[in-house]
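Participant: make a model of this:
(one chain, ligands or ions: 1)
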Amino acid sequence: MPLRTLRRTLREIDRNSRRVKRGWADRALGVAFVAGLVVAPLIVWKMESWVVKRGTDGLASVAVFKGLDGESMAGVRIRDPKAKGPMYPASTIPLGEAKQWQDRAWHGWPLVTRDVTMPPRFELKLLPACPESRQGEVIAAAQAALDADPQALRPGEAGERVHVGGWIFSIGAWWVLLTFLAWMLLLPLRVGREVHRVARNAVRQGRIDRCHCPNCGYNAKESIQTGRCPECGCDLYERPDW
Ligand SMILES: [Zn+2]
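Facilitator: Predicted structure coming up:
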């Protein structure tokens, strides 16, 4: 019963609706709207390689030193990275400073659709007391010092993360943008067509008012009763397409 009422209501609405003539510009906009939904994900996917924001997190600085015996190596995290020079424990030989960094990259536009976290890396500043050959040991000592320090900043887990929400929002944004672009491109054509229509109607109505043929402008006063232009055979009582 309610379904039948609904159908009747819809028919009634349809009967009373003003018929809007859809021109080729409206159809083109419709095509652009549908095509936009297909193209938007491709653009979002491409944006992952076109728009990349890179950043580096400084995690910790470690001062590495060796004992006076010259063999055992150890490291200590520098609490304040801005402090001038590492604070080495007494009776040790400073070897260098190791800074731990982690590089990150955010891909996508307008929202980030993928982020990449690289494995943490060490940047070494070796002092003259440290031979090049012991670089590996310095890094190992710095890593051990960070692992043992409960207050050290832990690096984030390396890997890639896909942002589903970013994907959905970006596709929507591109869809709107593409549709708006198509509308903007079609706007001058629509305006031009409208201006042409109004001007054409004004000319034709002016001819009709003077009993001239609206089509060719021939003075058709004599043939007013036949309703046809003797020159071009056109209808004299045409109603301009307002
Ligand atoms: Zn005519």
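
Participant: elements contacting the longest helix belonging to the chain?
Facilitator: As assigned by DSSP state H, the longest helix anywhere in the chain is helix 164-209. Secondary-structure packing of helix 164-209 (3 or more CB pairs under 8 Å, 6 or more residues apart in numbering; DSSP states H and E): helix 24-50. C-beta here means a position set from N, CA and C on the backbone, and glycine is covered the same way.

Participant: what's the helix it packs on packed up against?
Facilitator: Using 3+ CB pairs under 8 Å, 6+ apart: helix 24-50 touches strand 92-107, helix 164-209.

Participant: listing partners with orientation, what would you give for the lowest-mean-pLDDT helix or strand in the chain?
Facilitator: Least confident helix or strand, the chain: strand 73-78 with a mean of 84, by mean pLDDT, DSSP states H and E. Paired strands of strand 73-78, with direction, are strand 52-67 (antiparallel) (DSSP bridges).

Participant: in the partner strand, what's buried?
Facilitator: 59-66 (16 or more other CB atoms under 10 Å).

Participant: could you dump the residues you listed to CSV with pLDDT and distance to the ion?
Facilitator: CSV is the format used below for the buried residues of strand 52-67 (pLDDT from 0 to 100; distance: CB to the ion, whole Å):
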residue, pLDDT, distance to the ion
Leu59, 87, 87
Ala60, 87, 91
Ser61, 87, 93
Val62, 88, 96
Ala63, 87, 100
Val64, 88, 100
Phe65, 87, 105
Lys66, 85, 108
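
Participant: nearest to His163, of the residues you listed?
Facilitator: For these, the closest approach to His163 (CB to CB) belongs to Leu59, at 23.4 Å.

Participant: surely that closest one is in contact with Gln100?
Facilitator: Yes: proximity of Leu59 to Gln100 meets the contact threshold set by CB atoms under 8 Å, at 4.2 Å.
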